[in-house]
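Peer 1: Structure, please.
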Amino acid sequence: FAQFFAELSVCDYCFVTQRCSVVAAASVLNALSWLRPSEMSKSSRSLFLEGLSELVGFDIICDEVKSIQEQLWGCYSKSVECKESMIHNELNTPEHTSTQTMDSKRPRTSSSSPICVSRLR
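Peer 2: Residues are numbered from 1 along each chain as shown. Modelled structure (predicted):
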């Protein structure tokens, strides 16, 4: 799902001025919100986020990343995948409300991203 969010960023000009590492971190955090507790424990999640912060060289739990996360959720809420997911899951509103509802907003996809601009040539 992180690749999906990263690919959404190429669809909106507002991301052009953002550091790639910030968009990537926001994409990963948004994707993590879809994981069920049974898929990743709190301790594993903490270790992962700590390692990711070390890898990118900044604290990924910061206002800059949170802002990009929200912008990515906005792009997702306008996407066909969101609308299809909402229809499939019989949801009534397209907006991102909380991580508790993200399980019902998971896009119906295979293991690859539903939109893959890297294949466009």
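
Peer 1: The residue nearest to Leu8 when sequence neighbours are not counted sits in which helix or strand?
Peer 2: Across the structure, with C-beta to C-beta, 6 or more residues apart in numbering as the measure, the residue nearest Leu8 apart from its sequence neighbours is Cys75 (4.4 Å). Placement of C-beta: from N, CA and C, glycine included. When secondary structure is defined by DSSP states H and E, Cys75 falls within helix 63-77.

Peer 1: Could you measure from the residue nearest to Leu8 over to Met40?
Peer 2: The gap separating Cys75 from Met40 is 24 Å, by C-beta to C-beta, to the nearest Å.

Peer 1: higher neighbour count, these two?
Peer 2: Ranked by neighbour count (other C-beta atoms under 10 Å), Cys75 and Met40 place Cys75 first, with 19 against 12.

Peer 1: Might you report the residue contacts of the more buried one?
Peer 2: With contact set as C-beta atoms under 8 Å, 6 or more residues apart in numbering, Cys75 has these partners: Leu8, Ser9, Cys11, Asp12.

Peer 1: Alright, I will stop here.
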